[in-house]
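[1] Sequence unavailable; structure follows:
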């Protein structure tokens, strides 16, 4: 079993930055693929970024160049640094974990955090 807890969300002005954190416990974190997703009201949950156990990273096109995913295995924590945020990126951001090797669909992840709200004002 894997437990995930996100933090770091909040209110930020357009163009600002936030860093989200996701701390895990339970099954071996270092071997997990970790992902970040977001879900805006009335929309489907969408992939944002993922990082493998060997620190290879993958990003949605909308996140490339502005977001950075990283992990600290000693702290069992994965981060999402978000820069140049836009109002349309207002959403609940979720951390997720999988041991499957697939990363871009929410269906690939059996373990989820409760989410953290990010609100970007214009």
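    Arrived safely, thanks for sending. A quick note: this is a predicted structure, and the numbers were derived from the prediction, not measured.
[2] Name the residues linked to the residue most central in space within the chain by a beta bridge.
    Nearest to the mean C-alpha position of the chain, by CA atoms, centre = their mean, lies residue 36 at 2.2 Å. Beta-bridge pairing for residue 36 (DSSP bridges): residue 49, residue 95.
[3] Residue ranges in the chain under the pLDDT threshold?
    Filtered on pLDDT under 70, the chain yields the residue ranges 27.
[4] would you list every one of the strands in it?
    2-7, 10-13, 18-26, 33-39, 46-51, 57-59, 67-72, 77-82, 91-98, 111-112, 116-121 (DSSP state E).
[5] follow-up on the earlier one: ok, the residue nearest to the centre of the chain to residue 122 distance?
    23 Å (CB to CB, to the nearest Å). No exception for glycine: its C-beta is placed from N, CA and C like everyone else's.
[6] contacting residues around the nearest residue to residue 117 once chain neighbours are set aside?
    Nearest non-adjacent residue to residue 117, counting by CB to CB, 6 or more residues apart in numbering: residue 9, 4.8 Å away. For residue 9, the contact set (CB atoms under 8 Å, 6 or more residues apart in numbering) comprises 18, 20, 93, 116-118.
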